[in-house]
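no letters, just coordinates:
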């Protein structure tokens with residue numbers, strides 16, 4: 001491939017990333033990338049059409065490069081580019097905003113704004129002024145969310161009534177809360193003489209634009225008819241079965257059918273149940289029911305501060321050993337902090353956010369201190385390793401300043417890669433001896449079982465027609481989590497079809513690639529080198545990860561089938 005062609009491929013990646021930031025300015029702010037802090041998503045048919053046209057033009061230009069002779073690095077970059085274009089086209093076409101109303105921050109709507117409000121930090125007067133402009137614009141954005149739901153409903157694409165009701169309750173909870181408002185309770189830039197006037201302007205924007213729009217949204221959603229819990233899967237919507245096939249491909253990045261994913265899950269659940277029962281017996285627990293009861297009990301009554309401190313210790317222990325199995329540079333330490341009460345009350349699970357590129361916010365593991373459940377009992381360490389180190393934080397934060405990697409591959413998550421890595425990190429933590437007790441090891445097995453069960457339940461709901469109660473019943477019988485947490489998980493799968501497939505499928509593929517590399521390299525296999533090959537090219541579809549690993553093997557002089 002010529003130098004000019006390589007440059008063109010890089011330019012296309014930059015063009016695509018710029019298009020994405022124009023479309024999703026809230027992500028730009030979350031990532032600390034300047035230029036979009038005053039903007040909100042357009043959410044109009046005209047904006048969708050313009051985005052699709054730009055994507056199709058980029059795809060044609062990218063495909064013109066695909067037939068040229070390429071190095072492995074160029075093939076990887078092009079694969080990432082084409083995968084993102086295909087994914088973005090699918091996302092626009094699926095138009096989830098027209099049939100999804102949820103208290104979980106899984107798409108456009110009030111929950112997304114509440115999540116962003118919980119992490120808003122500003123350091124300059126310009127950012128402060130932009131926040132006022134954006135907060136005024138939130139009113140129109142929320143109105144357009146309601147408009148899109150009306151459009152979907154008119155076409156027979158309705159939200160699930162129970163999820164919509166919980167979203168309405170979340171908005172009511174915010175509107176009725178007389179405590180600090182997360183949208184206006186934002187610290188001004190230090191030593192700024194305009195702070196007092198700015199805070200008045202921000203509060204006025206909340207009161208005159210955002211809150212009235214949220215009331216209108218609540219009323220609009222309350223008036224919509226919705227699907228029952230017995231028809232919560234995509235197959236109950238017009239074109240829903242075909243849409244789910246697209247989502248399986250989007251979230252796994254592999255050529256797997258929903259039925260194949262379902263069967264992989266059933267087999268993995270059986271293996272992990274056996275492993276959990278075996279480990280439980282060493283703790284005097286007789287059978288799966290006893291194991292699940294003990295793990296669930298460990299999450300009851302957890303002290304949030306103690307749990308967060310334990311998570312900090314677990315992540316610090318992982319950070320101390322990672323230098324031996326990862327190439328430099330390791331990222332700065334991962335911060336553990338409590339998510340906002342508004343998010344915590346929804347039952348949101350612990351999660352991670354990237355450090356801001358401008359240094360204003362560190363990579364953070366957000367713990368639910370309002371309703372501690374997941375990540376507070378015997379699953380405390382596995383959750384910390386997943387969200388922090390060697391999971392999301394190690395994989396993502398090390399790339400924020402890696403300018404040699406296209407921004408597209410540093411910021412735009414490929415779920416099968418990102419979540420597959422985090423589950424791989426849970427396994428790696430065990431191999432590194434990081435679990436501090438048999439109870440914590442059992443919690444890790446339970447976490448793996450949970451992710452395997454997701455394959456069964458997500459496909460069950462959206463491809464096989466399972467009801468919400470059938471999905472919850474399947475999880476309750478096998479997964480060691482509290483019913484409330486599992487119910488929230490089922491709601492997540494309903495609201496975000498296919499995303500939950502990415503975790504276990506990604507882990508499965510990464511472990512397969514590692515085993516193949518070990519087989520080919522024998523004593524020359526180097527774990528740090530393998531990890532560098534996997535994560536240092538950024539966010540990739542799984543077939544491109546395989547190319548990266550193959551290139552690393554070849555660089556060591558290995559030969560033979562992989």
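Arrived safely, thanks for sending. What you are looking at is a predicted structure, and each value in this text was computed from that prediction instead of being measured.

please enumerate the strands of the stretch 301-450 of the chain.
Counting by DSSP state E, counting those that start in this stretch, the stretch 301-450 of the chain forms strands over residues 335-338, 351-353, 364-367, given from the N-terminal end onward.

tell me the helices and strands packed up against the last one.
Looking back up the chat, that one is strand 364-367. helix 304-322, strand 335-338, strand 351-353 (3 or more CB pairs under 8 Å, 6 or more residues apart in numbering; DSSP states H and E). Where you see a C-beta, it was placed from the backbone N, CA and C, and this is true even at glycine.

which one of these lies closest to residue 547?
Among those, the nearest to residue 547 by CB to CB is helix 304-322 (25.1 Å).

which residue packs closest to the residue nearest to the spatial centre of the chain, ignoring adjacent ones?
For the chain, the residue whose C-alpha lies nearest the mean C-alpha position (CA atoms, centre = their mean) is residue 415; its distance is 6.7 Å. Sequence neighbours aside, residue 502 is the residue nearest to residue 415 in space, at 3.5 Å (criterion: CB to CB, 6 or more residues apart in numbering).

mind listing what that neighbour touches?
Taking CB atoms under 8 Å, 6 or more residues apart in numbering as the contact definition, residue 502 lies against 251-252, 415-416, 418-420.

give me the element it is part of.
For residue 502, the host element (DSSP states H and E) is helix 501-521.

packing partners for the longest helix along the chain?
As assigned by DSSP state H, the longest helix anywhere in the chain is helix 125-154. Using 3+ CB pairs under 8 Å, 6+ apart as the contact criterion, the neighbours of helix 125-154 among helices and strands are helix 110-118, helix 195-205, helix 211-223.

could you point out which element follows the longest one?
Secondary structure here is assigned by DSSP H and E; on that basis, the next helix or strand after helix 211-223 toward the C-terminus is helix 240-252.

how far off centre is that next one?
Taking CA atoms, centre = their mean, to the nearest Å, the mean C-alpha location of helix 240-252 is offset from the chain mean by 17 Å.

out of the strands of the stretch 301-450 of the chain, which one sits most buried?
When neighbours are counted by mean count of other CB atoms under 10 Å, the highest per-stretch mean among the strands of the stretch 301-450 of the chain falls to strand 364-367, a mean of 25.

can you list the strands that it pairs with?
Neighbouring strands of strand 364-367 in its sheet, by DSSP bridges, are strand 335-338 (parallel), strand 351-353 (antiparallel).

contacting residues around the longest one?
When contacts are taken as CB under 8 Å, 6+ apart, the neighbours of strand 335-338 outside the stretch itself are 304, 308, 311-312, 315, 344, 362-370, 384, 388.

likewise stretch 164-182?
The list of residues contacting stretch 164-182 from outside it, by CB under 8 Å, 6+ apart, reads 101-103, 109-111, 114, 117-118, 120, 203, 206, 211, 214-215, 217-218, 221-222, 224, 226, 340-342, 345-346, 491.

next, the buried residues of it.
Of the residues in stretch 164-182, 164-168, 170-171, 174, 181-182 count as buried by neighbour count, 16 or more other CB atoms under 10 Å.

how many neighbours does residue 391 have?
Applying the criterion other CB atoms under 10 Å, we find 29 residues in the vicinity of residue 391.

also residue 189?
Under the neighbour criterion other CB under 10 Å, residue 189 is assigned a count of 15.

sorry, back to before: quick one, the longest helix of the chain and helix 110-118 angle?
With axes from the mean of the first three to the mean of the last three CA atoms, to 10 degrees defining the directions, helix 125-154 sits at 170 degrees from helix 110-118.

pretty sure residue 280 contacts residue 441?
No - no contact is recorded between residue 280 and residue 441 when judged using CB atoms under 8 Å, the distance being 10.5 Å.

more neighbours: the two, which one.
Counted by other CB under 10 Å, residue 280 and residue 441 do not tie: residue 280 has more neighbours, with 24 against 19.

okay, the nearest residue to that one once chain neighbours are set aside: pLDDT?
With CB to CB, 6+ apart as the measure, residue 291 is the residue that lies nearest to residue 280, at 3.8 Å, once sequence neighbours are left out. pLDDT for residue 291: 97.

which other helices and strands contact the helix or strand that residue 9 is a member of?
Secondary structure from DSSP H and E places residue 9 in helix 3-23. Using 3+ CB pairs under 8 Å, 6+ apart as the contact criterion, the neighbours of helix 3-23 among helices and strands are helix 25-30, helix 45-66, helix 72-94, helix 407-411.

picking up where we left off before, so the residue nearest to the centre of the chain makes contact with residue 496?
No - taking CB under 8 Å as the contact criterion, residue 415 and residue 496 are not neighbours in contact, 10.1 Å apart.

grab the nearest non-local neighbour of residue 478.
With sequence-adjacent residues excluded and distances taken as CB to CB, 6+ apart, residue 478 is closest to residue 453, at 5.8 Å.

state the distance from the one you found to residue 172.
Residue 453 sits at a distance of 32 Å from residue 172 (criterion: CB to CB, to the nearest Å).

same check, this time on residue 113
If you go by CB to CB, the gap between residue 113 and residue 172 works out to 15 Å.

which residues in the helix holding residue 502 does the neighbour count mark as buried?
Across helix 501-521, burial judged by 16+ other CB under 10 Å covers 501-510, 513-514, 516-517, 520-521.

equivalent analysis for stretch 70-82, please.
For stretch 70-82, the neighbour count (16+ other CB under 10 Å) marks 70, 72, 74-82 as buried.
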